[in-house]
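In: Show me the folded form of this:
(4 chains)
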2 protein chains.
Amino acid sequence: MNQHVRIVLIEDDDILRMGYESLLTDVEDFAVVNSYASYDLARKYLEADQPDVILLDIQMPGTNGLQALPFIKKALPQTHIIILTVFDSPELVFEALTMGAGGYLTKNSSAAKIIDAVREVSTGGGAMSTNVARIVMHSFQKNLNSPLTKRETEILDRIANGQTKPQIANDLFIDQETVRSHVKNIYIKLDVNSKAEAIKTAKEKRFI
Amino acid sequence: MNQHVRIVLIEDDDILRMGYESLLTDVEDFAVVNSYASYDLARKYLEADQPDVILLDIQMPGTNGLQALPFIKKALPQTHIIILTVFDSPELVFEALTMGAGGYLTKNSSAAKIIDAVREVSTGGGAMSTNVARIVMHSFQKNLNSPLTKRETEILDRIANGQTKPQIANDLFIDQETVRSHVKNIYIKLDVNSKAEAIKTAKEKRFI
DNA sequence: GCTAAAATCACCCTTTTTGGGTGATCCTTC
DNA sequence: GAAGGATCACCCAAAAAGGGTGATTTTAGC
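Out: Purely as a prediction, here's the structure:
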């Protein structure tokens, strides 16, 4: 039995949409079951299409791709969604990923990359173009020149997780006064005088 | 003038090391300037090697790759580091990325993928194998079935950033009592009775 | 081995924040 | 028009935070 990967395209540019369709149709085990110029047009047919993978543009008339994402996820929880767009700002990327996109490709991606990506996400993998990967990886990067000591970082991290000083003291098997002492030093080093400011500053400078 | 990408390999398996060396040397504009069986052996030569890219194994005798990462970063801030390993647990991946790795490949990666990755990171891009991408993307994913309302999520998010109720009230132009009201509802929905627990539970269940 | 930095604890103090209970009003949004 | 969401009010006591000042003990780098 033929186990085709069922693909749906949602892309408002006619030329591009036809291009992708032709590209993906030519792949042996892929099947483009339908393609639409917008989510609003696709909406009522998607469930019948039963796609394994949706290639989704962001910029579209009506509901845009990012707005559509949660609705698609709710209607078709098993479907993997690849964002395919010209935009690659950190905000859009993170927005897409938190909403459950399984891939994020920019439109300068080669045909081979797009085919690879579809295959990957259809089996539960992840896919992103290199510029998106750079953004994502950069978001993890900690500042390696933190003025905070190990202990101070540990404590500030726990504060950022909502722990109170007594709780922290208890967890680390040290006295509350010691925790207080560390916190005071943290405040001095970060030039702040409250938890909120400390967390804000530390996150901005990637100390935690 | 020939602008070669200067590559250093740190990999304890002799066969693999030679394999990578031969693979990368054959690429026109790549130059493998040196290869070592461990970081401890590489250590004192690295600065002289002036690599643009280091392919770094994790499992090694002596200092392992992840432990070596911060030292390499400190000594050679401009050098891009690609972790090349058989391990792909979330913990190791995040550890490597926070320590400043520019790429994370698993050893089942094809020759072409490895060459691509070196080229990418050498120009400041990011690179990761699909299984790593899956892990990373999954870490961003929010729970789309949160029991919390928009407002409640907003407020819990601010609490997780260290803001106090008065501050939140002020920022959102609502009364402290309203914030308290929301917080109470959050506590009931999450079945907790403190900030710390609420943040912990919400993060675990990816509500924030 | 010396020295500086880091980690530890102590006691002074006041102000702010928290959490629980109970109830009410006003929007929206199906 | 009913329900969930968002808003505000007032009761209360306990907990936590923040500032100041100082001291001791480890730990780590030269």
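In: pretty sure residue A:180 contacts residue A:164?
Out: No: in this structure, residue A:180 is not within contact of residue A:164 by CB atoms under 8 Å, at 11.4 Å. (Glycine included, C-beta is placed from N, CA and C.)
In: can you confirm residue A:78 is in a helix?
Out: No: counting by DSSP: H, G, I helix; E, B strand; the rest coil, residue A:78 is located in no helix; its state is coil.
In: shouldn't residue A:185 be in contact with residue A:153?
Out: No: with contact defined as CB under 8 Å, residue A:185 does not reach residue A:153; the gap is 11.5 Å.
In: more crowded one of residue A:180 and residue A:164?
Out: The neighbour count for residue A:180 versus residue A:164, taken as other CB atoms under 10 Å in any protein chain shown, is higher for residue A:164 (16 against 13).
In: Can you tell me the closest non-neighbouring residue to that one?
Out: Once flanking residues are discounted, residue A:164 sits nearest to residue B:196: 6.6 Å by CB to CB, 6 or more residues apart in numbering or on different chains.
In: Please name the residues that touch that neighbour.
Out: If a contact means CB atoms under 8 Å, 6 or more residues apart in numbering or on different chains, then residue B:196 has A:161, A:162, A:163, A:164, A:167 as its contacts.
In: can you count the residues close to residue A:163?
Out: With other CB under 10 Å as criterion, residue A:163 counts 22.
In: Can you give me the distance of it to DNA strand C?
Out: Separation of residue A:163 from DNA strand C (CB to the nearest atom of the strand, to the nearest Å): 11 Å.
In: Go ahead and report the secondary structure state at the spatially closest residue to that residue that is not a sequence neighbour.
Out: Using CB to CB, 6+ apart and skipping residues adjacent in sequence, the residue nearest residue A:163 is residue B:196, 4.9 Å away. Reduced to three states with three-state DSSP, the structure at residue B:196 is helix.
In: Next: the one 3 residues further on.
Out: Going by three-state DSSP, the secondary structure assigned to residue B:199 is helix.
In: okay but it is in contact with residue A:164, surely?
Out: No: using CB under 8 Å, residue B:199 is not in contact with residue A:164; the gap is 11.6 Å.
In: So what's the residue count around residue A:184?
Out: Residue A:184, neighbours per other CB under 10 Å, totals 11.
In: Show the pLDDT at it.
Out: Here the pLDDT value assigned to residue A:184 is 97.
In: which SS class is it?
Out: helix.
In: and the contacts of residue B:196 as CSV, adding secondary structure and distance to residue B:83?
Out: Output for the contacts of residue B:196, formatted as CSV (DSSP: H, G, I helix; E, B strand; the rest coil; distance: CB to CB, whole Å):
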residue, secondary structure, distance to residue B:83
A:161, coil, 27
A:162, coil, 32
A:163, coil, 31
A:164, coil, 37
A:167, helix, 35
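In: Backbone torsions only: list them for the residue in chain A that DNA strand D sits nearest to.
Out: When scored by CB to the nearest atom of the strand, chain A has residue A:193 as its residue closest to DNA strand D, at 2.7 Å. When read as degrees, to the nearest 10, the backbone of residue A:193 gives phi -150, psi 30.
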